[in-house]
Each structure stands twice: as structure tokens, then as C-alpha cells.
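# Need a 3D model of the sequence below.
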Amino acid sequence: MTPHQPDDVVVSIDVGGTGMKCALVDVAHSVRHTERHATGRERGPQAVLGTILDVAAGLAATAAERGWRPVAAGVVVPGIVDEANGIATYSSNIGFRDVPLRREIVARTGLPTAVGHDVRASGLAEARLGAGRGRRQVLVVPIGTGIAAAHVVDGTVMAGAHGAAGEIGHIVVRPGGPLCGCGQRGCMEALASASAVERRYAELAGSPATAAQVAARLGTDAHADQVWAETVDALADGLLTGQALYDPELVVIGGGLAESGERLLAPLRDALGKKVTFHRVPEIVRAELGDESGCLGAALLALNLIEESA
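Numbers count the residues shown, from 1 in each chain. Reported below is the predicted structural model:
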């Protein structure tokens, strides 16, 4: 197969707990077509798998109808993913357990298929096509309901021996602190995720607020100021450990909390700078690709397949 024809496209699907972001992406990384579909996880894992297969087949058909040649597929899912064997080992958000996703998609579409982890794929896209362009060592840290990371070296995501690398949100930064969903206490995720910001603000102020609302109240609301200061301090401690482990030249902050921009990044840079001893302080910037990064990452995984087979 010749991979670099202008009208070659890959099927790209980013499966989330609520929705699927889907696209046809060409070999120059241009998005030719996009779709969104409901995941429908309440219908059960078999129904979710059926939707993924239907969407993949539908995208391939759309490509053919428009005169493009579908040459591969990339699908990314949350949870634990056996990328080498194309198996969604465990995805609590969508109910998957040991689902042979690659095998099923190949059987349905006939396309060579890459299966990946959503956060790592998103980080790959951000490092190669977004804020990390041209950098060799990038740590992408999405901060949303939880906190994770993708360590990208020379355009490759380091997945770890068991596919579980990058769980930076479960570094304990406050021993004995709030209970985390993982069962430990004091994880960075339990103190500095968007959901943690919301919980802490409600605890202090006695009224609810979203993380975005907390950020908007900085300088006018003492409770918001306290929550933000605690959040930044916990993030800085987690990133200090991340710097000791990964030594990236660039840290890209993404996810919902990054929407606050410099209200988060400026104090975070300052706090990390004050905590470092022998470490080199990385540049810290905001992610550029937004919620399309996972879909673009899935496309990159598919394109890698084509390049490897050329």
C-alpha cells in the first residue's frame, strides 16, 4: 500500500463515557470530516461496541462516497488498554472488560486498526501537532474530573511495561489528605482536579460553584482565593515529582482547568519555581487542541500503522 496519496484518509474515533468524537483525517493531518455520536453506555458494553463498529463502518463508507480512500482506523478508549494486542482491558466508563476491539473493527471494516488509550493519544496529538510541536521531551497533563499525563519522547508516548504509565494524578502529595477514588488518601487528583476544586469550594463556602466559576471569582472571593492557592500548591508538588521522574522540557496543561489560562499557569509556574532544588524548571504552557486532541491522537495512531507497513 502506498500511504501518501492525497486522498488517503484514516477513520478516527475517540470513545468517551458520554460521547464519541469521530473524524476522517488525511495523511497531512487535515481533518476532512467530523461527526459526534452518543456513547450510550447505559445500554451496556455490547451495545457500545456495536455503536463503535457501526460508526467505524459508516465513516469508511462516507470516505468512499466522497472519493477518498480509507486506509486504516484508530480508536482510543479510556481505562486500561493493551495497545499491542488491541484489547480494551478495562474501561469502567463504558463497561468494557477484555474487549478485542481491534479484531472486531478489522472484521467489520477490513481496515488495519490501532487501538489506544485516550489520554496517551490526546497527549501524542498535543505533543506532535499542538503546543509541543518541535519539542523532544513533552509531558502533557490534562486536568479535568481527574488528572493524568502522557510522557511523549521524540513523538512517541511512553506507555510503560503494563500500559499504565502517566498516572501522575495518583502521586500522593498530601499524606492522609482527602480520599481519592483510587483508594489512597492525598493524591494530587483528590486535591487539584476540577472536581476537587468544586468539592473544596463547596466545603469552604457552603454553596456550589464550578471550577470555572471559582476561577472567575479570584480576587473578589476569599474562599475562591484559598481554594485556588491550595490547588496550585498541590499541582506544583505533583509536577515537581513529575519533573524528577520525567525531566520534560515542556509541560502542557490541558483539560477543563486549563480553560482558566494564566490565572492557573502564572501562579503554577511561580510555585514550581520556588519548590525546585536541583531540577530544571520546565516551560509550562496551555494545550492548544482542546477536546479534539483525542480524535487527532487516534488518527496519528492509525497513520503510524500505515507508515510502518509502507
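# Quick check on the closest residue to Gly166 other than its chain neighbours: phi, psi?
Nearest in space to Gly166, with sequence neighbours left out and distances taken as CB to CB, 6 or more residues apart in numbering, is Ala149 at 4.3 Å. All C-beta spots, glycine's among them, are computed from the backbone N, C-alpha and C. Ala149 adopts backbone torsions of phi -160, psi 160, taken as degrees, to the nearest 10.
# Do I have it right that Ala149 meets Ile171?
No. Assessed by CB atoms under 8 Å, Ala149 is found out of contact with Ile171, at 9.8 Å.
# Just give me the residues shared between the contact sets of those two.
Gly242 (CB atoms under 8 Å, 6 or more residues apart in numbering).
# any idea how far Gly166 lies from Met158?
Distance, Gly166 to Met158, using CB to CB, to the nearest Å: 8 Å.
# Give the intersection of the neighbour lists for these two.
His151.
# out of those two, which sits in the more crowded spot?
Gly166 (24 against 13; other CB atoms under 10 Å).
# hmm, back to that, distance of the residue nearest to Gly166 from Val252?
Taken as CB to CB, the span from Ala149 to Val252 is 10 Å.
# now swap in Arg185 and tell me
For Arg185 relative to Val252 (CB to CB), the value is 28 Å.
# more crowded one of the two?
Val252 (30 against 14).
# what bridges to that one?
With DSSP bridges as the criterion, Val252 is bridged to Val140, Val285.
# Make sure it is actually in contact with Pro282.
No. Val252 lies out of contact with Pro282 (CB under 8 Å); the separation is 9.8 Å.
# what is in contact with these two at once?
With CB under 8 Å, 6+ apart as the test, Val252 and Pro282 both reach Leu139.
# tell me which residues in the helix ranked longest in the chain are buried?
Longest helix of the chain, by residue count under DSSP state H: helix 222-246. For helix 222-246, the neighbour count (16 or more other CB atoms under 10 Å) marks 223-224, 227-228, 230-240, 242-243, 246 as buried.
# Number of residues surrounding the nearest residue to Glu288 once chain neighbours are set aside?
Nearest residue to Glu288, sequence neighbours excluded (CB to CB, 6+ apart): Gly130, at 4.0 Å. Applying other CB under 10 Å, we find 24 residues neighbouring Gly130.
# Name all residues that make contact with Gly130.
Counted by CB under 8 Å, 6+ apart, Gly130 has contacts Val252, Ala287, Glu288, Leu289, Ser293.
# How about Asp233?
Ala271.
# isn't there a helix covering Val25?
No. Using DSSP: H, G, I helix; E, B strand; the rest coil, the assignment for Val25 is strand, not a helix.
# and which of the contacts of Gly130 is nearest Ala72?
Ser293 (19.1 Å; CB to CB).
# Could you chop this structure up by domain?
8-117+291-309, 131-288 (automatic domain parsing).
# closest to Gly123 out of those?
domain 131-288 (2.3 Å).
# So for that closest one, mean pLDDT?
In this model, domain 131-288 has a mean pLDDT of 94.
# mind checking the end-to-end distance for it?
The first residue of domain 131-288 is 6 Å away from its last residue (CA to CA, to the nearest Å).
# again, but for stretch 32-51
21 Å.
# all strands for the stretch 51-200 of the chain, in order.
Ranges of strands in the stretch 51-200 of the chain, per DSSP state E, counting those that start in this stretch, are 69-77, 80-82, 87-91, 96-99, 113-117, 137-142, 150-153, 156-157.
# quick one: which of the ones you listed is nearest Ser260?
Of the strands of the stretch 51-200 of the chain, nearest to Ser260 by CB to CB is strand 137-142, at 13.9 Å.
# Show me how far that closest one is from its chain's centre.
10 Å (CA atoms, centre = their mean, to the nearest Å).
# Can you give the contact residues for it?
Contacts for strand 137-142 (CB under 8 Å, 6+ apart): 119, 122-123, 126-127, 132, 147-153, 168, 239, 242, 246-255, 258, 282, 287.
# Would you map the helices across the stretch 1-150 of the chain?
45-65, 101-109, 118-129 (DSSP state H, counting those that start in this stretch).
# Kind regards, and thank you for your time.
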